[in-house]
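Trainee: model the following, please.
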Amino acid sequence: MTVGASDHELEPLTVRVATAVQITGLSRSRIYEIIKAGELETVKVGRATLVKYASLKALLS
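Mentor: The predicted model follows:
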């Protein structure tokens, strides 16, 4: 039996800061403070700052 994408919920690898704000309910500036403190892992792609989703989940746990 093959497993299709509909059988598993896919999680993103990264999310934009605005999405991290929506997920956590924290302010944009607070998210950047947490990033600066090293509590959230980020990746820069061009000018965009992307938050690693696994890091965001770990923060909320």
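
Trainee: quick check: closest non-adjacent residue to the residue nearest the centre of the chain.
Mentor: By CA atoms, centre = their mean, the mean C-alpha position of the chain lies nearest to Y53, the distance being 3.3 Å. If you skip the residues right next to it in sequence, Y53 has P12 as its closest partner in space, 5.1 Å away by CB to CB, 6 or more residues apart in numbering. Every residue, glycine included, has its C-beta placed from N, CA and C.

Trainee: helix, strand, or coil at that neighbour?
Mentor: Classification of P12 using DSSP: H, G, I helix; E, B strand; the rest coil returns coil.

Trainee: for it, give me the backbone phi and psi.
Mentor: Main-chain dihedrals, P12, degrees, to the nearest 10: phi -70, psi 150.

Trainee: so how far is A20 from R47?
Mentor: 17 Å (CB to CB, to the nearest Å).

Trainee: more neighbours: those two, which one.
Mentor: Using other CB atoms under 10 Å as the criterion, R47 and A20 rank with A20 on top: 26 against 5.

Trainee: isn't that one right up against V51?
Mentor: Yes: using CB atoms under 8 Å, A20 is in contact with V51, at 4.7 Å.

Trainee: okay, and the common contacts of those two?
Mentor: Residues within reach of A20 and of V51 at once, by CB atoms under 8 Å, 6 or more residues apart in numbering, are 31, 40.

Trainee: wait, the residue nearest to the centre of the chain sits on T14?
Mentor: Yes: counting by CB under 8 Å, Y53 does reach T14; the two are 6.0 Å apart.

Trainee: show me the strands in the protein, by range?
Mentor: 14-16, 42-45, 48-52 (DSSP state E).

Trainee: would TSV of those strands with mean pLDDT be doable?
Mentor: Shown next, in TSV, are the strands of the chain (pLDDT from 0 to 100):
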stretch	mean pLDDT
strand 14-16	98
strand 42-45	98
strand 48-52	98
